[in-house]
Each structure stands twice: as structure tokens, then as C-alpha cells.
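> my questions concern the predicted model and sequence given below.
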Amino acid sequence: MHIVVCVKQVPDTKIIKINPKTNTLDRRSAPAILNPYDAHAVQEAVKLKQSLGQGKISVLSMGPPQATEIIKKSIEIGADEGYLISDRAFAGADTLATSYALSKALEKIAEKQPIDIVICGKHAIDGDTGQVGPGIARRMDIPPVTNVIEVTKFDKENKIILVKRKLTNGYEELEVQLPCLLTVEKEINQIAYSPLPNMIRAARYKPNVWSVGDLEAVDKTQLGLKGSPTVVGKMFTPPKLDGGKRLEGAVDVQVKQLIEVLSEKKELLNVK
Amino acid sequence: MSEKFDVIVVGAGPAGTACAYLCAKSGLKVLQIERGEYPGSKNVMGGVLYRKQTEEIIPEFWKDAPLERPIVEQRFWMMDKESTVTFGYKGLEWAQEPYNNFTVLRAPFDRWFAQKGVEQGVLLINETVVTECIVENNKVVGVKTDRPDGEILADVVVLADGVNSLLAQQLGFRKELKPDEVALSVMEVINLPKEKINDRFNLEDNQGCTIEIFGDSTKGNLGTAFLYTNKDSLNIGVGTTLSSMMKAKLKPYDLLDYLKNHPMVAPLLAGGDSAEYLAHLIPEGGFHSVPKVAGNGVVVVGDAAQLVNAIHREGSNMAMASGKMAAEAIIKAKEREDFSEASLNKYREALYESFIMKDLEKYKDAAHTFEHHPQYFNEYVPMMNQAMNKFFTVDGTSKREKQKQIVKGFTGEKGTLTVIKDLYRAWKAVK
């Protein structure tokens, strides 16, 4: 079983500042971290490998040379191998060009050992688009299954998995034929405290770094800024949300109102 | 149990990194374990890095390291409520190579320093807490961490785990720290534009200034305050021994607020934004508090060995030097494959022959003296201020009469004998 997890280095948006003049992120104001959703994706791969008792986990990222840091972080969590595609030619890519470049790297990784599952985080916290995962699946011609909150069953023999997807008003269960691509929500697992041998392995690990020249049959017009049709028209800081609805009156009145709200909006309940 | 290293260094401050760096450089297999998110993330000091001892580990480090400013001026303030007596030294020879010392911010500096170790082959892991040393047959053979499968072996374990070294305590090398052996220091980093700093402190871009403040900065308690210039920020902090703080019922943050709002200090900070607030214990027990520093398979360095000279506010240099001496002893021990206490005692011998223990011995009774005689801070500092006020005030009094008044100001209330006794005691403590 070969699981590949796509990971991204992002600025920690919990503490990042926004330049009030340009409305862009001031990337120097926050440290670069492994996208939190991707950490859960790696953790899920580790969980699947453990439950199967065998398998290999590779992680793949695209970014500047410093992005090897998040590959090392993934090794800490339990990945076996790590690949970074890093080249000026990839710079300025939108989600379309990114998914193209990553799918080319996945092709190369699959040459060594065919890929059974690709796992991505739901989205990156710096862009919030959630498009790269499905983009990769489309290019690889495998089914994309987004917003996964649980892998409930793994049928090794028939290569079929059963997953739960989070919807706005509940969840759905899907049976998926491998190979497939999953994008995961945070509630899918809890990041385990890495064992010491993983930490030592990660400190020692030298990720594989590939440039454009290392990939095969690449159409360079689909890479980087050139391959990115996205145009950013305007950027602004979203207004602060209103306080929300406040329930008033005696306790039993409030309880009654609350039950009404909850029965209307079932997504407010924990559906898992 | 997993693989074995030649050396495990616990902690990635100046002492641990100096030791790890030199051991790795000589070809030893070194694992360095840091509890913070990255080296420097949990480390605090006022902010002076000394050139000499750093250079002995990384020559010409100033060309590469993230430093703030070379220090060209050191001032001392004897501060009263609305006045201060100042003396100091400014020398432009310190503004050029090889410099004397620098102001630094620890988070970037420690990170850089540890990275230098990694480049020498140190295997550095972060976010991992060493919970105890593994002891077999009266010899330290490795460490236990808080991680799953968390045991790891080594010929030598270097305890660079800081002032509160629980590991040294567990091994019985020292007792729990007493409140009069540690100072609690709190500080803030205050952002201020470079031009303002240059104007207010009379500096050029590549010049820094340090001010050590005694007297009212600690409300007359044993301790000091400091104000250091970084590139575009100031470090301001104050520390007193825990025992003084307890006795005077002082809250550290109140003390820092008091200092920041003091009329002698506030104008220097005006318009600055508080960027960081930090607090840390400083080992100030000196000579008498230095624990056993070498055992079978283990050495203790830096703050963990209580190597701080509180009188001269030196610590990071002692940390680096002790890390270096420990590394040299470990490298020799490795050649002999003998990691016994007798073998590692080469480190202890080097430490006791060096400036570190000589300086600590010189001041071995100073802290004790000043702790039990707070008059130096709460009586003599105001008296000095009154004396200078009299001396400089032109009011028609004859100079001879002024001198008389000044001397009387010192001896009048206390009596000549007491003053002589106090002076003798202070001289004895620091001679």
C-alpha cells in the first residue's frame, strides 16, 4: 500500500499581520509551518499504515528550498519518504498550475511504486481554496473525495474503502474504489506525540529535491505564473462578523428557542 | 532500546550549543535535545553577548550572526526618585573589529548558533523534554524523554538544561534552589525607530549602549535594572533575588512598570511599543551554589552549573566558555574511551583554573553581604544623589562649607563609624 500525502508550507495565519495598505499578508510577521490540515493528512496516513500493518508513506510538497522543513515535520509524524519540487519555473502558480506540477511529480513517484491513495488537507490556511486536491485527482483521473472525517473501513483485498464526508447539514458515507484522493478535515484524527526515533530520523533526513528538469513530459506553459489563469482583482480584509443571535427571556423560553434553532440547523450539532 | 550517541546535550542555549558544536566539529556523534519549539524560543537574557568567548568557538562570528549593536558605551546609574548619579565609559575602539561585546536578541541568536552546530553535524531535535538521566551501575548512560520510545543512550550526557536544572538535582549534584540563590528578572522588548534610539542615546547606527541602574530601580532592594539598545528596539528589565522580592512583597511586573514610568527612564522609552514580555530566573548564588559539575558519564554546564557573575552581569560568556571546556574534556575522554568521573573531571579542573571560578570566588560573599545589608541600595544611593546635588548646586555657599555638608550628609545620621564599617564591608565583598 503506497500512500502519498501532499503538504504545503504556509505562514501561521493565527499570528500573521495584514499590511493595511496593500491588503496582502506580511509573510515576515509569521513563522512558516506545516499547513495544519496537512498535518492531519499525514497523521491519517500513519493511522492507515498502522491499521494495515504495512505500507509506505511518501509526502510531496512544492515550494521554496526552505519547505524541506515541513517535509521533515511530516517525517516526525511518521512519513517514510519526502519529495520537494522546487524551481523558479513553479513560482507564482495558482491552484491550476500547482495541481499540474504536483500531478507530474506524483507520476514520477508512482514510477517507483504505484500510488493507492493520495491524501491532502481540506485546504491551505493561507489560500483557503481547497482546489488543489480535486485538481490533482482530475489530472490523475482518480475519484476525489473531499472533506473526509473518518475512514471507517479498509477492504484490502478488493481495494475498497468506506469513508465519511462532512456536509453542511450532516455527513454522507461513501464507498470508494482505490486508487483515490481524499481531502481531510481536522476532526479526522488527533496528531499523536511523535516517538523519539521519528524525531531523530527526521533530524537526519534529507528530502529528495526535484527541479523541473527532474520531472518528465512537462508542458512548461502550464507551470508557474504562465500557467495560472487566476487574476486577483481586489483584496480586502473581511469585515468583522456581527455578534450573532442572542436568545432572551426566561430560561425555559430560551431553551425552547434553542431547540427550535438546533432542529432547523442540524449542522450545529456534532454529526460525527 | 535504540541507537547510541557519543554525546547527548540537553538544552540548546549558549552553553549546550557551544559544547555540541565543538564535539561535533571534532567528529563525535552528537544529539542535542531542546524543549522549546526551536532553540532560543524559551531562552531569556538581558541581552549582552561577549565577543571573546563566542569568538573562541566561532571565529569572526560577528560577520554572520544576527547581532543587534556592538556596545560602545556602558553607563551606570545610581538612581534616586527624581535624580541619578551617572558614570560610565564610551570608547569608539569598541565600534570596530574585533569589538568588545554586543547586544543581541536571544531568539534569533540562539537559533543561528544552534544551526551552526547542525552544520557541524549535530543532530538537533526540538519540542522534546528530557525527563531524567538513565543511570546504570552509578553511571549516566543516556536520557529518558517525554516521547514514546523515548530512551536514548550516550557515553556522555551534557546537562545544559538551564538555571533550574532538574536533571542535576535528580542526580543529587545539587539541592533545590533557595530563594536567595536566584534572581527573578522580567524584561520587555520595546520597539522604537532606529533614529530615535540614536538621538536619545547619542549613538550612530552601528553603536550600542548599555545602562545598568541601581537604587530606586529596584525600590532599594538587592538587584539591578538594565536598559540596552538593540537595532530598532530597547531591552528594559529589572531583577531582584527571589528572597528580596518575597521580603518586600514586590511583584515583578509592578517593579517593571515602576521602572518604565520612572521620570529618569520614561523619556528614553517614550513612543515605543511593547513587543515582547519575558521573564526568567537567573542563577545568582555564585561560587557557593556551583554544584558538582562532573560525574560518571555526565557534565553540567552554563546556567545549570549556576555560572553567572551577578556583579558584572556576565553569564552568556561563562556559559560558552564552560561549554567549550566540557567539550574539550569530552573529546579527550573519547580518545581514552574513559567516561568516568575521574576522566571528565578534566572539565572541572579547567573550570576552576579559568576566569569563571576565579571571578565567582572573588565575589563569593558579595550577594550575601548586599542581601543582608540593603543600606547600600536604599540609603547610600539616595545619599550619593544628595551629595551630588549639593556639589553642583550654586547657591552662594563656600566650597569648603559644601564639602563639610556633603561629608555630614553621609555620616550625620549614621555616624562615622557605621559608614566606615559599611564601606569596609562592601570593599571586602568585592575586593
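Thanks, I have it.
> how far away is the most centrally placed residue in chain B from chain A?
Central residue of chain B (Cα atoms, centre = their mean): residue B:315, 3.5 Å from the mean position. As defined by Cβ to the nearest Cβ, to the nearest Å, residue B:315 lies at a distance of 27 Å from chain A. Quick note: C-beta positions are derived from backbone N, CA and C, even for glycine.
> contacting residues around the closest residue to that residue other than its chain neighbours?
Of all residues not flanking residue B:315 in the chain, residue B:308 sits nearest, at 4.2 Å (Cβ to Cβ, 6 or more residues apart in numbering or on different chains). Contact analysis of residue B:308 by Cβ atoms under 8 Å, 6 or more residues apart in numbering or on different chains lists B:282, B:283, B:284, B:286, B:314, B:315, B:318.
> cool, residue B:198 as well?
Applying Cβ under 8 Å, 6+ apart, one finds that residue B:198 lies in contact with B:204, B:205.
> that one in helix, strand or coil?
helix (DSSP: H, G, I helix; E, B strand; the rest coil).
> can you check the pLDDT for it?
Each residue has a pLDDT score; the one for residue B:198 is 96.
> that one and chain A, how far apart?
For residue B:198 relative to chain A (Cβ to the nearest Cβ), the value is 23 Å.
> try residue B:112
Between residue B:112 and chain A the distance is 15 Å, computed by Cβ to the nearest Cβ.
> so that residue sits in a strand?
No: judged by three-state DSSP, residue B:112 forms no part of a strand; its state is helix.
> surely the residue nearest to the centre of chain B is in contact with residue B:307?
Yes: using Cβ atoms under 8 Å, residue B:315 is in contact with residue B:307, at 7.1 Å.
> dump the contacts of residue B:308 to TSV, plus secondary structure, pLDDT and distance to residue B:216.
TSV is the format used below for those (DSSP: H, G, I helix; E, B strand; the rest coil; pLDDT from 0 to 100; distance: Cβ to Cβ, whole Å):
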residue	secondary structure	pLDDT	distance to residue B:216
B:282	strand	90	21
B:283	strand	90	25
B:284	coil	88	20
B:286	helix	88	25
B:314	strand	89	24
B:315	coil	91	24
B:318	helix	94	29
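> okay, and residue A:259 sits in which element?
Element membership of residue A:259, judged by DSSP states H and E, is helix A:251-264.
> who touches that helix?
Helix A:251-264 is contacted from outside by A:245, A:247, A:248, A:249, A:268, A:269, using Cβ under 8 Å, 6+ apart.
> just the closest of those residues to residue A:145, please.
Nearest to residue A:145, judged by Cβ to Cβ, of the contacts of helix A:251-264 is residue A:269 at 22.9 Å.
> do you know how far the closest one is from chain B?
As judged by Cβ to the nearest Cβ, residue A:269 and chain B stand 35 Å apart.
> tell me how chain B divides into domains.
With domains defined by automatic domain parsing, chain B comprises B:4-67+B:104-175+B:289-353, B:182-283, B:367-430.
> tell me which of those lies nearest to residue B:77.
So among the domains of chain B, domain B:182-283 is nearest, using Cβ to Cβ, at 4.5 Å.
> need the mean per-residue confidence for stretch B:210-223.
90.
> my bad, should have said stretch B:43-53
Mean pLDDT, stretch B:43-53: 89.
> show me what that stretch is in contact with.
With contact meaning Cβ under 8 Å, 6+ apart, stretch B:43-53 is reached by B:13, B:36, B:62, B:67-68, B:71, B:98-107, B:109-110, B:185, B:187, B:210, B:226, B:228, B:230, B:235, B:237, B:278-280, B:313-318, B:320-321, B:324.
> give me the subset of these lying in strands.
Using DSSP state E, the subset of these located in strands is B:71, B:101-103, B:185, B:187, B:210, B:226, B:228, B:235, B:237, B:278-280.
> tabulate those in CSV, adding columns for neighbour count.
Supplementary listing: these in CSV, determined by neighbours: other Cβ atoms under 10 Å in any protein chain shown:
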residue, neighbour count
B:71, 26
B:101, 22
B:102, 23
B:103, 23
B:185, 24
B:187, 26
B:210, 24
B:226, 21
B:228, 24
B:235, 25
B:237, 27
B:278, 17
B:279, 15
B:280, 22
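> closest to chain A out of these?
residue B:278 (17.1 Å; Cβ to the nearest Cβ).
> which ones are touching the closest one?
The contact partners of residue B:278, by Cβ under 8 Å, 6+ apart, come to B:44, B:186, B:187, B:188, B:189, B:237.
> flag whichever of those scores worst on pLDDT.
residue B:44 (85).
> which phi and psi does that residue have?
phi -140, psi 140 (degrees, to the nearest 10).
> residue B:7 too?
Here is the backbone geometry of residue B:7 (degrees, to the nearest 10): phi -140, psi 130.
> can you count the residues close to residue A:65?
Neighbour count of residue A:65, defined by other Cβ atoms under 10 Å in any protein chain shown: 10.
> could I get the pLDDT score of it?
Looking at residue A:65, its pLDDT is 94.
> quickly check: stretch A:44-64 near chain B or not.
No: on the criterion Cβ under 8 Å from any Cβ of the partner chain, stretch A:44-64 is out of touch with chain B, staying 12.6 Å away.
> in that stretch, which residues are buried?
Within stretch A:44-64, the residues scored as buried using 16 or more other Cβ atoms under 10 Å in any protein chain shown are A:44-49, A:55-63.
> swap in stretch B:381-399?
B:381, B:382, B:383, B:384, B:385, B:386, B:387, B:388, B:390.
> save the residues you listed as CSV, and put in pLDDT too.
Formatted as CSV, the buried residues of stretch B:381-399 follow (pLDDT from 0 to 100):
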residue, pLDDT
B:381, 88
B:382, 88
B:383, 87
B:384, 88
B:385, 91
B:386, 88
B:387, 87
B:388, 89
B:390, 86
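> which ones among these map onto strands?
Going by DSSP E, the strands hold none of the buried residues of stretch B:381-399.
> could these go into TSV alongside distance to chain A?
As requested, the buried residues of stretch B:381-399 are exported to TSV (distance: Cβ to the nearest Cβ, whole Å):
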residue	distance to chain A
B:381	42
B:382	45
B:383	49
B:384	46
B:385	44
B:386	49
B:387	50
B:388	46
B:390	53
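> and of those, the nearest to residue B:56?
Of the buried residues of stretch B:381-399, the one sitting nearest to residue B:56 (Cβ to Cβ) turns out to be residue B:381, at 37.0 Å.
> against residue B:259, how distant is the closest one?
14 Å (Cβ to Cβ, to the nearest Å).
> need the contact list for the residue lying closest to residue B:197 once chain neighbours are set aside.
Nearest residue to residue B:197, sequence neighbours excluded (Cβ to Cβ, 6+ apart): residue B:229, at 5.4 Å. Under the criterion of Cβ under 8 Å, 6+ apart, the neighbours of residue B:229 are B:68, B:69, B:103, B:197, B:201, B:203, B:208, B:209, B:210.
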